[in-house]
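# Below are the sequence and a predicted model; questions follow.
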Amino acid sequence: MSSPGGVSVAQRGRRMRTLPHIFLGLLLSTTLAGAQEKGLKLVEDTGDGWPQWRITGRSVLFATPGRASHALHTQKLNWFLDSVESLSPSDVAILEARKHYLQGRLGAAFESLEKVPPYWSSYARPLLQQTPLTARLLAKGWVPQRDMIGLRKNGTTLKLTPPPESQGARSLTLDGKKALVVGENILVLPHLHLALKIHPPLERDTLTHDLAGAEGVTEQLGTSVQGKPIIALRLGSGEETVIFFGAFHGDEPESTLVVEKLLQHLQENPELLQNRTAVLVPVVNPDGLEAGQRKNANEVDLNRNYPTSNWNSEGKDTDYWGGTAPASEPETKIVVELLERYKPDRIISIHCPYKCVNYDGPAERLAKIISEENGYKVEPSIGYPTPGSFGTYAGIEGNIPTITLELPPTGEEDVWEDNRSALVRALRGSED
């Protein structure tokens, strides 16, 4: 495909190169009545530069003005009609695809190219290369296929289609553009009018990583009790996955700042992500953070609401109430689903204000590595019972190395500087 007003995407000889201008020549040299006598009918002219014409017995054709039009306005109508009649269905499909592409409807362009088997990929590649998001797919090893309107990489297939009518509510941000996740295996890029259907669905995260730039993928995981979005940011695509959480408790804003600082640090130093995937959730409890309170909007301590063997609902009038049932809160459900989805190799949950490195599950070695960097004391127990805690759920009963990094009650910048290298070591693990 070429840019608007340029050479035909098909590059199929002089006839294909000049056809759009021939249409304009017709408009300049004949009356509409004369054209209709010859079986040519103007179907629609929306003012977008692509009037639609139909010849008796043929499908709709599209035309656009071009720089050479002034030299063609003397062409005879019969000569023009002969040229149009010689077009094959594939020629028409290529013209349709070019129209859709120039109008920004990439999905419809690919759908038109489906009528050009089996060499559609030779026409699709220029489309993909001229669109930054899809060009990134080609750069990362996705290959156009001859037997389908789509791409393939390492056994995973990606079908390119117009967006479905029903679009899901889960949203992502890629290159600053909104994307939508529909079901388990469709990613919609509304600004391109394009849907990417991936098989198997489990490879969706690989796809979004390949589409994303250095800033990573931003995804809305769900909403809080009061409907505030809970956001995750994903960087890297390595085999080891580490999840960082902030603000389980809304009265611990330092934890959010540290996670956000870590995000910025990793974006600026992508080499730290080699063979690693980092998932960062700066705010688990947005309602509590806005209110400046420990609990969520239902007055539940989220760090007592996890489905553990020791969960209980005692202490409703205290700051440590575990809710009406295990995982009763939407924020808790979101975290549980996130762990099931990523199956992380280790977890760092950031809290305040005890200045220690607490651990659950097989994380003693990791706790000591972090302690070496920030100088905080390693504490296997926080000093009081924590039924239904996240550490018990993920670390002890889930067997995931889980660190609760307790920050001291100092300035936000201070705690970031104290823990920058510690969090990088947590990401890298014992290798460093």
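Here it is on my side, so go on. Residues are numbered from 1 along each chain as shown.

# Would you mind measuring from the residue nearest to residue 252 when sequence neighbours are not counted to residue 405?
Nearest non-adjacent residue to residue 252, counting by CB to CB, 6 or more residues apart in numbering: residue 352, 4.2 Å away. Backbone N, C-alpha and C define where each C-beta goes, glycine included. Distance from residue 352 to residue 405, counting by CB to CB, to the nearest Å: 10 Å.

# Around the residue nearest to residue 252, how many other residues sit close by?
When counting by other CB atoms under 10 Å, one arrives at 20 neighbours for residue 352.

# Could you pull up the residues touching it?
249, 252, 254, 255, 406, 407, 408, 409 (CB atoms under 8 Å, 6 or more residues apart in numbering).

# Give me the buried entries from those.
249, 252, 254, 255, 406, 407, 408 (16 or more other CB atoms under 10 Å).

# Poorly predicted segments of this structure, please.
Applying pLDDT under 70 to the chain picks out residues 1-87, 117-119, 166-169, 412, 431-432.

# Can you give the domain ranges for it?
Split into domains by automatic domain parsing, the chain comes to 13-103, 111-211, 217-431.

# winner for burial among those domains?
Per-stretch averages of neighbours, counted by mean count of other CB atoms under 10 Å, single out domain 217-431 among the domains of the chain, with a mean of 19.

# chain center to it: distance?
23 Å (CA atoms, centre = their mean, to the nearest Å).

# now swap in stretch 126-134 and tell me
With CA atoms, centre = their mean, you get 16 Å for stretch 126-134.

# what residues does it touch?
1-3, 9, 97, 101, 106, 109-110, 135, 137-138, 144, 174-175, 177, 189, 192, 194, 211.

# Keeping just the C-alphas, turn that stretch into CSV.
Provided in CSV are the C-alpha atoms of stretch 126-134 (Å, rounded to 0.1, in the frame of the first residue of the first chain):
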residue,chain,number,x,y,z
PRO,A,126,3.2,-2.8,3.5
LEU,A,127,0.0,-2.1,5.5
LEU,A,128,1.5,-3.6,8.6
GLN,A,129,4.9,-1.9,8.1
GLN,A,130,3.3,1.6,7.8
THR,A,131,1.3,1.3,11.1
PRO,A,132,3.6,1.6,14.2
LEU,A,133,1.9,-0.9,16.4
THR,A,134,1.6,-3.6,13.7
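
# Look up how far residue 191 lies from the residue nearest to residue 144 when sequence neighbours are not counted.
Distances taken as CB to CB, 6+ apart put residue 121 closest to residue 144, at 3.5 Å, once the chain neighbours are dropped. Going from residue 121 to residue 191 by CB to CB gives 24 Å.

# Does residue 346 touch residue 429 like I think?
Yes - between residue 346 and residue 429 there is a contact under CB atoms under 8 Å: 6.9 Å.

# okay, and the common contacts of these two?
With CB under 8 Å, 6+ apart applied, the overlap between the contact sets of residue 346 and residue 429 consists of 242, 366.

# and which of the buried ones among the contacts of residue 352 is nearest residue 336?
residue 249 (17.8 Å; CB to CB).
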